[in-house]
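what's the 3D shape of this:
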Amino acid sequence: MLCAQDDSPTGAVRAVADIWWTDGGSNKFNNVDLHLRTEKNDVNKKGAVCDLTAEVNKHGASSTLCQVAWLHGISSAGVTADATLIYDIKDDGVGEKRWDLGGSPALR
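This next block holds a predicted model:
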């Protein structure tokens, strides 16, 4: 689940992803990266890459958070969270796959 957060006292904003999976474990993946972005009116303002490979390969079912650092100095109106998941299933012969996730609702 993606969401945009604002910190009212400081005026800062950021993107947060609550990530959960099943059918992990057993070192099934060569790579699992979530590219998370804080956007304003569909323009990237700040991003983070969360490497989930070790966690997904270790745990059959689990969850974790990915967060972009707080961004100061912009109005929260129109700020969204957006993300792309890049993953590579081990030995499937296909290579990396890309999954563009739907963005969060905009802050007002």
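
what does whichever strand or helix holds Thr80 contact?
Using DSSP states H and E, Thr80 sits in strand 79-89. Applying CB atoms under 8 Å, 6 or more residues apart in numbering, the contact partners of strand 79-89 are 2-4, 6, 13, 15-17, 28-40, 42, 45, 68, 95-101, 103-107. Every residue, glycine included, has its C-beta placed from N, CA and C.

now it, how far from the centre of its chain.
The chain centre lies 5 Å from the centre of strand 79-89; the measure is CA atoms, centre = their mean, to the nearest Å.

So for that strand, mean pLDDT?
With pLDDT averaged residue by residue, strand 79-89 scores 98.

Now the phi/psi pair for Thr10, please.
Backbone torsions for Thr10, taken as degrees, to the nearest 10, come to phi -100, psi -20.

Please give me every residue in contact with the nearest residue to it once chain neighbours are set aside.
Excluding its sequence neighbours, the residue lying closest to Thr10 (CB to CB, 6 or more residues apart in numbering) is His72, at 6.9 Å. His72 makes contacts with Thr10, Gly11, Ala12, as judged by CB under 8 Å, 6+ apart.
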